[in-house]
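In: Make a model of this:
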Amino acid sequence: MLLCVASVVTLAYLGHLPLLDPDEPVYAETAREMLQFQDFISPRIYGEFWYDKPPMYYWLVAVAFKIWGIGEFAARLPSALLAIGGSVVVYLSGRELFTERAGLLAGLVLTTSLEYFYLGKAAVTDITLTFFLTLALLAYLHNRYDLLFIGAALAVVTKGPIGIIFCAAIIGLHVIVTKNWAVFKSMKILRGTMLFLMIALPWYVLMYQYHGMAFIETFLGFHNVARFLKPEHPSGTLWYYYVPVLIVGFFPWTAFMLQACKAALRQRSADWNRLVFLVIWAVTVFVFFSMAQTKLVSYILPMYPPLALLVGWYFDKAWSEKQFSMLKWSAAMLTVVAVILEAGLFYLANTMPELYVPGMVAATVLIAANAFVWWFSLRQDFRSVFTVNVVAMLFFSIYLVVQLLPAIAPAYSMKSFVEDFNQHYDGHSQVYIAKFYRPGFMFYSGMPGNELMDDDAVKTLLVKDEAAFFIVKAQTYKNLPAQLQNDIIVLTASEDKALLYRKRQNLM
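Out: Now for the predicted structure:
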């Protein structure tokens, strides 16, 4: 059952949407250039070395491209398969730690939580990191220490030092809380460290040999340390940033989340040690990224597997002990979160005409699901309450990809815009493109273009006497002085993007 639900949620219509800016085209293009240059050590983008991330996801996508061809489906397939794998790992762990039913419930909770299934259909690194961290940390909980070090090493090859930082911090805090110092002896740390280094270190050594301090300063200095200490985005200064992200991202299981954590900490059975570890895991990820100055919605994904296990355990326990009051409390919490989502859908439907019908349908489904949850909660039917949530999210996951996202995809993808560009491009003039659009433009056109850092750069280039094409934000064009607007031709405008052409004035 779990495999069926997980496969439908993640694999259905996987290549239906174009790659969405700005992140998906970056990973897809870098993997494509790995194949183009036959260099699987040094990632590149626009033909230049790229030190943003370690190579794991690029490797996986490159393999998918080789087998299925270059396209949206292959770019997202590694994330989808690892998302399914993560759900299976959570199920197997929950079954061994608690009960068969608790494991199944946990796997379904993870599969159908809003952010997990969305990122499972995206060509980004977050699911890959989450999978390897989950493998490592659950291996610790099951006393399978070789697997712990292997998982941690693969996490480091996926996204850098964060892979080992989380493992060390979470396990260390758990040992302190439980006072189980003897576990360090059982872990055979020296042997495990050697295993970890054999897997994690080679790529870093080779990159240093090839690129020297440029790699160290850019990858470790900027993309890890600087991003933690300084905000890359304005939202990075908001300490509460991840509170609404978690509430909406873990929907519809947010309603059970706090109750599950509270019950876990109060538990006095043999499960307490395991439950505390899961709570520490989730809290550590949340606090770490809340402290970091650079924040993105996807960063807290590694806390979803432990939350899923906690909710699976709690729901199973309440079901077995017939704690009917839990159902009503959860239904009330679900109503609050559902109202927030429905308000968002109504807002989008009223501000974006293309979203009106799909937005209304999605909101109606959430309202109906919430009504059924209340009905079955009052009837004290645990199985039906859980089933309604799973079925509703199964429908929503497919509807999101088939109806909701296609309506707004032109605003967040360069695919259709590149088709318009190809109809106008003369084949030899310079092309200048805003930084945000450049990865998608490169992936779909095969042309790197010249990067425009800001609006001032656009103004400077427009006064030059050369024929050139410009791909900029529509607002950038509107902000240009009237004289410059008169000297250029707007070839096409789509959503928030504009294609401009500047003719050469002084012809010889």
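In: Got the domain ranges for the protein?
Out: The record's domain split for the chain, according to automatic domain parsing, is 2-321, 322-408, 415-502.
In: Now for residue 418, how many residues are close by?
Out: The local packing count at residue 418 equals 22, with neighbours defined by other Cβ atoms under 10 Å. Heads up, the C-betas are built off the backbone N, CA and C, glycines and all.
In: Which helix or strand contains it?
Out: In the assignment (DSSP states H and E), residue 418 maps to helix 415-424.
In: returning to that earlier point: please identify the most buried of the domains of the chain.
Out: Scoring the domains of the chain by mean neighbour count under mean count of other Cβ atoms under 10 Å gives domain 2-321 as the most buried, with a mean of 20.
In: Contacts only, for residue 280.
Out: For residue 280, the residues meeting the contact criterion (Cβ atoms under 8 Å, 6 or more residues apart in numbering) are 170, 173, 174, 177.
In: Let me know the secondary structure of the first one.
Out: Following DSSP: H, G, I helix; E, B strand; the rest coil, we place residue 170 in the helix state.
In: Stretch 289-304: end-to-end distance?
Out: According to Cα to Cα, to the nearest Å, stretch 289-304 extends 14 Å from its N-terminal end residue to its C-terminal end residue.
In: so where's the stretch 401-508 of the chain uncertain?
Out: 465, 495, 504-508 (pLDDT under 70).
In: So which residues of it form strands?
Out: 430-434, 450-452, 468-473, 488-494, 497-502 (DSSP state E, counting those that start in this stretch).
In: Just send the ones you listed back as a markdown table, with distance to residue 365 too.
Out: Rendered in a markdown table, the data for those read as follows (distance: least, Cβ to Cβ, whole Å):
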| stretch | distance to residue 365 |
| --- | --- |
| strand 430-434 | 37 |
| strand 450-452 | 42 |
| strand 468-473 | 34 |
| strand 488-494 | 30 |
| strand 497-502 | 32 |
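In: for the helix holding residue 418, packing partners?
Out: Using 3 or more Cβ pairs under 8 Å, 6 or more residues apart in numbering; DSSP states H and E as the contact criterion, the neighbours of helix 415-424 among helices and strands are helix 405-412, helix 438-445, strand 468-473, strand 488-494, strand 497-502.
In: could these go into JSON lines alongside distance to residue 335?
Out: Converted to JSON lines, these look like this (distance: least, Cβ to Cβ, whole Å):
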{"stretch": "helix 405-412", "distance to residue 335": "26"}
{"stretch": "helix 438-445", "distance to residue 335": "39"}
{"stretch": "strand 468-473", "distance to residue 335": "39"}
{"stretch": "strand 488-494", "distance to residue 335": "39"}
{"stretch": "strand 497-502", "distance to residue 335": "39"}
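In: which one of those lies closest to residue 391?
Out: Distances from residue 391 to each of the helices and strands packed on helix 415-424 were compared using Cβ to Cβ; the shortest belongs to helix 405-412, at 20.6 Å.
In: what residues does that closest one touch?
Out: Outside of helix 405-412, the residues within contact range by Cβ under 8 Å, 6+ apart are 16-18, 20-21, 352, 354-355, 358, 415-417, 494-496.
In: Between these, which sits nearest residue 95?
Out: The nearest one, if we look at the contacts of helix 405-412 relative to residue 95 and count by Cβ to Cβ, is residue 16, at 33.3 Å.
In: sec struct for the closest one, please.
Out: coil.
In: Now that it has come up, it's in contact with residue 404, right?
Out: No: counting by Cβ atoms under 8 Å, residue 16 sits too far from residue 404 to count as a contact (11.7 Å).
In: Right, I'll call it a day here.
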